[in-house]
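**Student:** My questions are about this predicted structure, shown below with the sequence.
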Amino acid sequence: MTSVDFSTTLGNAWFASPVFTASGCASSGRELAQFFPLRDIGGVVTKSVMSRPRTGRPTPRMAETPSGMLNSIGLQGPGIDAFIAKDIPYLIEEKARIIVSIAGETIEEYSTVARKLRSVAGISAIEVNISCPNVENRGLVFACDPDASRRVIDGVKRTVGGELPIIAKLSPDVTDLVSIARGVVDAGADALALINTVLGMAINLETMRPYLAGKTGGLSGPAIKPIAIRAVYQVHEALPKIPILGMGGIATAKDALEMIVAGASGVSIGTASFSNPTALITIATELKELLATKGFASLRDAIGFAHRSGQVD
Amino acid sequence: MTSVDFSTTLGNAWFASPVFTASGCASSGRELAQFFPLRDIGGVVTKSVMSRPRTGRPTPRMAETPSGMLNSIGLQGPGIDAFIAKDIPYLIEEKARIIVSIAGETIEEYSTVARKLRSVAGISAIEVNISCPNVENRGLVFACDPDASRRVIDGVKRTVGGELPIIAKLSPDVTDLVSIARGVVDAGADALALINTVLGMAINLETMRPYLAGKTGGLSGPAIKPIAIRAVYQVHEALPKIPILGMGGIATAKDALEMIVAGASGVSIGTASFSNPTALITIATELKELLATKGFASLRDAIGFAHRSGQVD
Amino acid sequence: MTQINRNAVAIHAPIISNKRVGQYNQLIIDIGDLSRLCKPGNFVAIKLGGQSSNMILRRAFAISRTSSSATFGGTMELIVAPYGQGSTWLCAQSEGVVLDLILPLGTAFGIPTEPVKVLLVGGGYGSAPLFGLAEVLYARGCRVDMLLGASTGAKIYAPMEGKRSVNSLRIHTEDGSMGQMGRVTDPIGALINDLDIGVIYSCGPMAMLAAIDAITKDSNVLHQCAVEEAMACGVGICMTCVVPVTDGTGAVSMLRSCIDGPVMDGARVAWDKVGKTL
Amino acid sequence: MTQINRNAVAIHAPIISNKRVGQYNQLIIDIGDLSRLCKPGNFVAIKLGGQSSNMILRRAFAISRTSSSATFGGTMELIVAPYGQGSTWLCAQSEGVVLDLILPLGTAFGIPTEPVKVLLVGGGYGSAPLFGLAEVLYARGCRVDMLLGASTGAKIYAPMEGKRSVNSLRIHTEDGSMGQMGRVTDPIGALINDLDIGVIYSCGPMAMLAAIDAITKDSNVLHQCAVEEAMACGVGICMTCVVPVTDGTGAVSMLRSCIDGPVMDGARVAWDKVGKTL
Ligand SMILES: Cc1cc2nc3c(=O)[nH]c(=O)nc-3n(C[C@H](O)[C@H](O)[C@H](O)COP(=O)(O)OP(=O)(O)OC[C@H]3O[C@@H](n4cnc5c(N)ncnc54)[C@H](O)[C@@H]3O)c2cc1C
Ligand SMILES: Cc1cc2nc3c(=O)[nH]c(=O)nc-3n(C[C@H](O)[C@H](O)[C@H](O)COP(=O)(O)OP(=O)(O)OC[C@H]3O[C@@H](n4cnc5c(N)ncnc54)[C@H](O)[C@@H]3O)c2cc1C
Ligand SMILES: Cc1cc2nc3c(=O)[nH]c(=O)nc-3n(C[C@H](O)[C@H](O)[C@H](O)COP(=O)(O)O)c2cc1C
Ligand SMILES: Cc1cc2nc3c(=O)[nH]c(=O)nc-3n(C[C@H](O)[C@H](O)[C@H](O)COP(=O)(O)O)c2cc1C
Ligand code: FES
Ligand code: FES
């Protein structure tokens, strides 16, 4: 056992471990609980929940790509009421720390969902997934529109008040990620989640059509790790005081450490759990050892270290 | 030998094969010529040349990533005068078809380089690499700025006149690729090259610093193929009449066909040549067979086929 | 709410043999005592391509049969069609290679408590789990008739020893190169009447399953089918593998075929909505 | 303008043996007649991780020695440090595995036409090509002294049979676990005088090469060094592997170490500009 202080904070929320699930990659938590106790990880980031139940996109919803995969789930889910009634109590019973991811099709929907969560006990933070099409603006993804992103976060912040930290989850598919990040922070985001999937497509040469029923899908997995590391590095450089939950292709403890020294205060593990359901535990255990090997007394010392470590020039 | 008509056109330029090198991935052509005759491929897209000689970025200039690589060469090159004096005559002697890629730090520099090329015989097209930092606008990459992209292409078009086709090479690192594409087409681009590398970073855990001396680098290789396919599909859907030179992660004939049915009139092979110097030949041979197997009488019939093929719905 | 198969564990297990059978490979893998927990219909998720693989997802394979022997604690058989990158890699692995597996996963075929007359219908490698199933049904005293189909004869998987538990075996190929020419679903209607079938068990392409449902819909024949949707995780956490299923009230919801399936009640699958927006 | 090694070809060749030697693996590969075209200093570019590899680039390895035998047409030896994903994979491959190679690549050490006194300096696996070089120099009648260094004893590669072509062998380790404690470059100044050295041949980390240059700069000793920059292609088409080199006039340009190197004239490398913006 190493003596590294492994704890981290996102806004005013404290977590014993910096390793979290990624939204949409752990379902309700029950399935992973068969492989490890949910209280052993930093926390469960739940799949993005909307105001009403959703059946999501037709199948095929996935296609594998080199060192990555495309998905187009379309935010299938039970809706916020059923979620609060069934999923939250289960996670509390399992003593899991909970970050609830919320989504919406309108600015108003985000606030509606957030309002229902305000009075629910046992939640540590709200992650706001703004990578959704805005039905009020030609389906333009909120996270790709600086103004819409700000307004979503502003609405959620006003609804939730100052207590629950708000984590704004951004899309990398933008020209100027730093300015989007600045905008949502100005609007009240306490932390940022980087990155959501990258828009991609694969063609099925048997059918000669896009593989996914939804045509385009979100690219995740190791293929996007360099994009994620760059995003975290750039945003941490511009906004060094804002905690970042880093994700995108993390599959090993080394990947997690790369993300942390680039500027992340915690990491989410998504696609890696699909092939290795105990990935979170392996990564956390090895990350702790790796931090010790590299001479860090605490996780905190490693956050953003790549920006500070001795430049040879 | 199959009887598929393998020829393609980019603007008013005709090529016997749709398989080209990618700019910056074939040096001056001499090195690949040791592995196959340059006249056997669609054409050589030369590395982006600027007005003056450049030494480029310090090393390390590369880092491997899962199914991809990052590079930060910084447009090392001999400058347009030496290029015209030495490289063009060599390629002509080898009977290679030539697409000259040009770059600049200012809108003026692009025109200057284009002006020198105007009177050079033996060139089939000019590819304008607008993924360069604009020194007159805080280093903002031209291709990320709709206005600057348009002005570069407009300048080159005015300089070159209507004869040589102009191919505008775009960066995928933008919020709205289609609008950038529309802009450069309005400004006179005859064709588009999609995609340039994706901005990324890798951290060296030995030094705890970014691997590349230039910190960020361009991600290429199979990892970005889904992003490239999506880009080509989206742009072809919006601008079906504009020929596209598709690239990004093509390593096999199947990859090339995916790109073509997504909407590309030709493909450039970049990173794949690094591990397999004869990749262009293998891909071209197998692509021709694959087209026949799939029942296409000509390459032309396959271009954008994924947009037309029977929808099951 | 359905849960992931409660016996599921991740293990490393060696290949004991790998033989070419027609257009398939038959792999025998030493899984020890776990073999007793695998039921016909369950599947295994396998990591493919080795340590530095560019394939980041597991592939699912139906557990064709299990057995226990003196030499090995217990083994399972897989029937693999070498098709794309992953299955081709798997078929190229030789004896002794250790595989990374998660198993058993998914639901199993329901076994009737009393002997009934059953028809097993398999398409392509879909026949694989039917032989293990036939053994169990036969042991229960059921009359077991089997119907296998494929595009061509080499894609029919019907091992000699498998036929022991089968009262009759009919083969249909689309090109007529083996058995009758035609689709495997063509004779089902007649067979139900002639053989007085009570339950149909099926495994194969979704179109085949849907065609069987169309035949059994207005009859008393039960239809237990193993569906096959593209699966990213196999353990219920990704929501890629969903199939539209109707509940008692007629409402359709998207259920995960990796944990609510692969074996499902054919009558409850909303076949007309597979691959469509609900 | 420099050209890629004109003998370079892409081949598939089997591993004949793979043995652990200290912290290295010694691989012998059957390359047939190509062995005659490989010169000390040349390297080979190898594809790693198999068909479905997530490693898309080849790795370069110095050709340590070549030989021809009765059994095999011709072989080459590589000395590989299992370090990251690629080299670990390579070291795990057993006899019979067929590798995908491009060779020979790069420049070779210049061999003096008359016998001179030479000092060969190797750091870590950098000593690998020096034994093959020693054989050639020794056969030319040169007096060959060798100096090897590493952080620790297990990282010294100095095979028994290699010593046959060497008049003296000195070892320096930073932790003192083998030979003298200290850096391999510490004794060079004295040795040049004591042994009346005319040419230094070196291979190892860039910092070691730079340190040797600092010692030889103001002397008459020639310095032929094999540089090592990260290489994406190995055949001159990517421009990742550049080293700053001065021409006659003092102008510095970035030359590709895969085709203008790896062996370069140490005096022409602008050591203070390596890894810096020009
Ligand atoms: C529950 C379940 C059980 C399965 N059981 C088996 C089994 O017992 N034996 C078996 O071989 N495979 C089985 N599969 C399919 C298997 O998981 C892989 O999809 C298959 O091996 C192809 O993987 P790949 O990496 O070779 O091809 P990929 O490159 O991943 O291609 C996969 C794609 O090809 C299609 N495809 C897969 N196989 C074929 C085929 N033979 N002919 C035409 N198209 C095909 C798939 O629908 C998918 O779109 C099963 C899948 C599921 C979900
Ligand atoms: C011209 C040339 C000749 C070479 N000759 C040899 C040789 O004879 N034997 C050999 O083992 N390697 C040799 N290398 C290095 C080899 O190409 C690979 O870089 C090495 O095997 C590591 O690859 P990897 O995939 O295991 O590690 P990767 O994960 O790719 O890591 C590579 C990184 O690690 C650094 N690195 C590589 N090896 C070590 C090490 N041993 N200790 C510390 N850091 C290291 C590299 O500088 C690079 O930054 C040579 C390289 C070049 C360019
Ligand atoms: C199948 C799947 C479903 C996802 N669903 C969501 C979601 O509901 N909400 C969200 O914010 N992100 C979602 N994501 C994105 C992930 O949370 C994560 O940002 C992304 O996958 C990158 O991380 P990874 O490479 O570790 O998977 C989903 C990703 C996948 C692969
Ligand atoms: C080492 C390297 C150098 C490159 N240099 C250039 C360049 O000079 N000009 C340019 O337009 N694109 C350049 N590119 C981008 C490629 O032309 C191509 O757009 C990109 O690499 C995607 O294709 P690929 O995945 O097949 O490599 C370079 C790419 C690499 C890997
Ligand atoms: S395959 Fe992931 S939920 Fe079924
Ligand atoms: S390694 Fe590509 S040019 Fe040298």
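**Tutor:** Thanks, I have the structure now. Ligands and ions are numbered 1, 2, ... in the order given.
**Student:** hey, let's count contacts and neighbours off CA atoms from now on
**Tutor:** Fine.
**Student:** and the residue of the stretch 1-150 of chain A nearest chain D?
**Tutor:** With C-alpha to the nearest C-alpha as the measure, A:S67 is the residue of the stretch 1-150 of chain A nearest to chain D, at 6.6 Å.
**Student:** Stretch C:83-94 near chain A anywhere?
**Tutor:** No. Against chain A, stretch C:83-94 shows no contacts by C-alpha under 8 Å from any C-alpha of the partner chain, the least distance being 10.8 Å.
**Student:** likewise stretch C:58-74?
**Tutor:** Yes. Contact of stretch C:58-74 with chain A (C-alpha under 8 Å from any C-alpha) involves C:R58.
**Student:** Buried residues, that stretch. List them.
**Tutor:** For stretch C:58-74, a neighbour-count test (16 or more other C-alpha atoms under 10 Å in any protein chain shown) marks C:58-68, C:74 as buried.
**Student:** can you check stretch A:45-53 too?
**Tutor:** Buried residues in stretch A:45-53 (16+ other C-alpha under 10 Å): A:45-51, A:53.
**Student:** can those residues go into CSV with extra columns for distance to A:R308, pLDDT and secondary structure?
**Tutor:** Shown next, in CSV, are those (distance: C-alpha to C-alpha, whole Å; pLDDT from 0 to 100; DSSP: H, G, I helix; E, B strand; the rest coil):
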residue, distance to A:R308, pLDDT, secondary structure
A:V45, 30, 98, strand
A:T46, 33, 97, coil
A:K47, 35, 96, coil
A:S48, 35, 97, coil
A:V49, 38, 97, strand
A:M50, 40, 97, coil
A:S51, 43, 97, coil
A:P53, 46, 94, coil
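**Student:** Tally up the residues packed near C:N220, please.
**Tutor:** Residues lying near C:N220 (other C-alpha atoms under 10 Å in any protein chain shown) number 10.
**Student:** Quick check, pLDDT for it.
**Tutor:** At C:N220, the model reports a pLDDT of 92.
**Student:** residues contacting the nearest residue to C:T75 once chain neighbours are set aside?
**Tutor:** Closest residue to C:T75 apart from its sequence neighbours, by C-alpha to C-alpha, 6 or more residues apart in numbering or on different chains: C:D30 at 4.5 Å. Neighbour list for C:D30: C:13-16, C:72-76 [criterion: C-alpha atoms under 8 Å, 6 or more residues apart in numbering or on different chains].
**Student:** among these, which two are most distant?
**Tutor:** C:I15 and C:G73 (13.4 Å; C-alpha to C-alpha).
**Student:** before we move on, back to that, in helices, which of the contacts of C:D30 appear?
**Tutor:** Within these, no residue falls in helices by DSSP state H.
**Student:** ok, so of those residues, who is nearest B:A96?
**Tutor:** For those, the nearest to B:A96 is C:I15 (51.7 Å; C-alpha to C-alpha).
**Student:** ok, the closest residue to ligand 4 within the stretch 51-200 of chain A to ligand 3 distance?
**Tutor:** Closest residue of the stretch 51-200 of chain A to ligand 4, C-alpha to the nearest ligand atom: A:P66 (12.0 Å). Counting by C-alpha to the nearest ligand atom, to the nearest Å, the gap from A:P66 to ligand 3 is 13 Å.
**Student:** was I right about that residue contacting C:M55?
**Tutor:** Yes. When contacts are counted by C-alpha atoms under 8 Å, A:P66 is listed as touching C:M55 (6.5 Å).
**Student:** Next, count neighbours for A:L192.
**Tutor:** For A:L192, using other C-alpha under 10 Å, the count is 28.
**Student:** before we move on, what about A:S149?
**Tutor:** A:S149: 26 surrounding residues under other C-alpha under 10 Å.
**Student:** Same question for the one 5 residues further on.
**Tutor:** The number of residues packed around A:D154, counting by other C-alpha under 10 Å, is 20.
**Student:** Repeat that for C:D218.
**Tutor:** Residue neighbour count, defined by other C-alpha under 10 Å, stands at 9 for C:D218.
**Student:** And for the one 10 residues further on?
**Tutor:** Number of residues near C:E228 (other C-alpha under 10 Å) recorded here: 22.
**Student:** Report the separation between it and A:T282.
**Tutor:** Distance from C:E228 to A:T282, counting by C-alpha to C-alpha, to the nearest Å: 31 Å.
**Student:** do the same with C:M254
**Tutor:** 32 Å.
**Student:** And these two? Which one has more around it.
**Tutor:** Taking other C-alpha under 10 Å, C:M254 and A:T282 do not tie; C:M254 has more neighbours (23 against 14).
**Student:** pLDDT of the strand or helix carrying that one, averaged?
**Tutor:** Counting by DSSP states H and E, the element that carries C:M254 is strand C:252-256. Mean pLDDT, strand C:252-256: 95.
**Student:** Does the longest strand anywhere in chain C reach ligand 1?
**Tutor:** Identified as the longest strand of chain C according to DSSP state E is strand C:9-21. No. Using C-alpha under 6 Å from any ligand atom, strand C:9-21 never reaches ligand 1; the gap is at least 12.3 Å.
**Student:** What strands line up against that strand, and which way round?
**Tutor:** Strand pairing for strand C:9-21, using DSSP bridges, gives strand C:24-30 (antiparallel), strand C:98-105 (antiparallel).
**Student:** Minimum distance to ligand 1: which of those has it?
**Tutor:** Minimum separation from ligand 1 across the strands paired with strand C:9-21 (C-alpha to the nearest ligand atom) falls at strand C:24-30, 7.6 Å.
**Student:** what packs against the following helix or strand past that closest one?
**Tutor:** Downstream of strand C:24-30, the next assigned helix or strand under DSSP H and E is strand C:43-46. Other elements packing on strand C:43-46 under the criterion 3 or more C-alpha pairs under 8 Å, 6 or more residues apart in numbering or on different chains; DSSP states H and E are strand C:59-62, strand C:98-105.
**Student:** got a pLDDT number for the closest residue to chain D within the stretch 151-278 of chain C?
**Tutor:** Residue of the stretch 151-278 of chain C nearest chain D, by C-alpha to the nearest C-alpha: C:A232 (18.1 Å). On the pLDDT scale, C:A232 is placed at 98.
**Student:** and if you look at C:G73?
**Tutor:** As predicted, C:G73 sits at a pLDDT of 81.
**Student:** and if you look at A:T2?
**Tutor:** pLDDT at A:T2 comes out at 63.
**Student:** just C:T2 next, same as before
**Tutor:** pLDDT, C:T2: 61.
**Student:** Kindly report the same for A:R138.
**Tutor:** pLDDT for A:R138: 87.
**Student:** cool, and C:K163?
**Tutor:** Among the per-residue scores, C:K163 shows a pLDDT of 82.
**Student:** ok, how many other residues are close to the residue of the stretch 151-278 of chain C closest to chain D?
**Tutor:** Neighbours around C:A232, by other C-alpha under 10 Å: 29.
**Student:** show me the residues around it that make contact.
**Tutor:** A:62, A:274-275, C:57-59, C:238, C:240-241.
**Student:** who are the neighbours of the lowest-mean-pLDDT helix or strand in chain A, in terms of helices and strands?
**Tutor:** The weakest-scoring helix or strand in chain A, judged by mean pLDDT, DSSP states H and E, is strand A:133-134 (a mean of 86). Judged by 3+ C-alpha pairs under 8 Å, 6+ apart, strand A:133-134 is in contact with strand A:140-141.
**Student:** so how far is the strand it packs on from its chain's centroid?
**Tutor:** Relative to its chain's centre, strand A:140-141 lies at 19 Å (C-alpha atoms, centre = their mean, to the nearest Å).
**Student:** Can you name the residues in contact with it?
**Tutor:** A:130-134.
**Student:** cool, and stretch A:145-164?
**Tutor:** Contacts to stretch A:145-164, defined as C-alpha under 8 Å, 6+ apart, come from residues A:12-13, A:107-108, A:110-111, A:114-115, A:118, A:123-126, A:128, A:130, A:142-143, A:166, A:168, A:179-180, A:183-184, A:186-189.
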